[in-house]
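**Q** compute the structure for the input listed below.
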Amino acid sequence: WTESSAIQEFTTNAYGQIEFNDNLLKAAKYVRLSDNSSMSSVKEYIVDYWKLTNPKPHLALSIVGGAKNFKMDGRSKEKFKAGLIAAAKATNAWILSPGTNTGAMKLVGEAINEGQFLFAEGSKM
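**A** Numbers count the residues shown, from 1 in each chain. Just a heads-up that it's a prediction; the model follows:
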């Protein structure tokens, strides 16, 4: 068995939006890519299809780690969430996260979820 003989890649049109049943969350954008997809393909989705660079982001926040033994509660938790959303809004930031529902990533998800309600219809976040 070899990887090259067992795995084949095919072009796909697997991209779009996921709408959630509760209608409380904005539709989430997704795209399925290969680990060797060209950056021009990724750029096509970001710039041409989703138009995420209008207006241009001035900051990219990547929040990872803390999946285990992460504890933040009370006032610190609320300050972190409010600060993250304030920084993102002020700089039109992209918030990047592995998307798991544990630890620090879960807290980021909660902040984004709560922050969505701070934006007018048509705003991005």
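
**Q** can you map out the helices along the protein?
**A** Secondary structure of the chain, counting by DSSP state H: helices at 3-6, 39-43, 74-91, 103-115.

**Q** where does this protein have its least confident helix or strand?
**A** strand 28-31 (a mean of 80; mean pLDDT, DSSP states H and E).

**Q** run through who's touching that strand.
**A** 14-18, 20, 42, 45, 50 (C-beta atoms under 8 Å, 6 or more residues apart in numbering). Glycine gets a C-beta too; all of them are placed from N, C-alpha and C.

**Q** show me what the spatially most central residue of the chain is bridged to.
**A** Central residue of the chain (C-alpha atoms, centre = their mean): L96, 5.1 Å from the mean position. On DSSP bridges, the residues paired with L96 through beta bridges are S62.

**Q** is it in contact with A88, as I believe?
**A** No: the criterion here is C-beta atoms under 8 Å, and L96 misses it with A88 at 11.1 Å.

**Q** quick check: neighbours shared by those two?
**A** In contact with both L96 and A88: L61, using C-beta under 8 Å, 6+ apart.

**Q** what lines up beside the least confident helix or strand of the chain in the sheet?
**A** With DSSP bridges as the test, strand 28-31 pairs up with strand 15-18 (antiparallel).
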